[in-house]
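# Need a 3D model of the following:
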Amino acid sequence: MTAAEIKIQMLKYSIRCFIFGLLGFLPVLGFGFGIAALRMAGLARAAEKNFWNAARPYRILGVLAAAISLIFWSFILILIVWHAMNPTRDYYGD
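Down below sits the predicted model:
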């Protein structure tokens, strides 16, 4: 790949990271988009070691959004599993 192609690919990865990071807030599907955003960020970051990335703020915001959404959806998943394993008890004495 030429230097121009690498730069274009890096910019595409940064923008995709931002978009996937925002899509990470979608219910149910968000977990997969969050993981994809982090993967895109890693690919863009690898190219940033050699070239300047004009879309770096988008990559950073995408990673931030992906991290927040992954933490949120992981917490929701843990709550669902915990609730399924610990059925509600009757606290009213009936």
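# rest of the way, CA atoms for contacts and neighbours
Noted.
# Touching, G34 and A66? I think so.
Yes. The criterion here is Cα atoms under 8 Å, and G34 meets it with A66 at 4.5 Å.
# what do the two both touch?
Shared contacts of G34 and A66, defined by Cα atoms under 8 Å, 6 or more residues apart in numbering, are found at F20, G21, G24.
# got a pLDDT number for the residue nearest to A37 when sequence neighbours are not counted?
Once flanking residues are discounted, A37 sits nearest to C17: 4.3 Å by Cα to Cα, 6 or more residues apart in numbering. C17 carries a pLDDT score of 96 in this model.
# tally of neighbours for C17?
32 (other Cα atoms under 10 Å).
# circling back to that earlier point, tell me which of the shared contacts of G34 and A66 fall in helices.
Among the shared contacts of G34 and A66, the residues falling in helices (DSSP state H) are F20, G21.
# want to throw the shared contacts of G34 and A66 into JSON lines with distance to Y58 and pLDDT?
Shown next, in JSON lines, are these (distance: Cα to Cα, whole Å; pLDDT from 0 to 100):
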{"residue": "F20", "distance to Y58": "11", "pLDDT": "97"}
{"residue": "G21", "distance to Y58": "10", "pLDDT": "96"}
{"residue": "G24", "distance to Y58": "15", "pLDDT": "95"}
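# most neighbours, which of the shared contacts of G34 and A66?
Counting neighbours by other Cα under 10 Å, the top entry in these is G21, with 35 neighbours.
# wait, it sits on G32?
No. G21 lies out of contact with G32 (Cα under 8 Å); the separation is 10.0 Å.
# Where does A4 sit, in terms of helix or strand?
Assigned by DSSP states H and E, A4 falls within helix 3-23.
# List the neighbours of the following helix or strand past that helix that are in contact with it.
Next along the chain after helix 3-23, taking DSSP H and E as the criterion, comes helix 30-48. With Cα under 8 Å, 6+ apart as the test, helix 30-48 has contacts from 6-7, 9-11, 13-14, 16-21, 23-24, 59, 62-63, 65-67, 69-70, 73.
# check contacts around the residue nearest to A37.
By Cα under 8 Å, 6+ apart, C17 lies in contact with A36, A37, L38, R39, M40, A41, Y58, R59, G62, V63.
# could you flag which of these are buried?
Among those, the ones that count as buried by 16 or more other Cα atoms under 10 Å are A36, A37, L38, M40, A41, Y58, R59, G62, V63.
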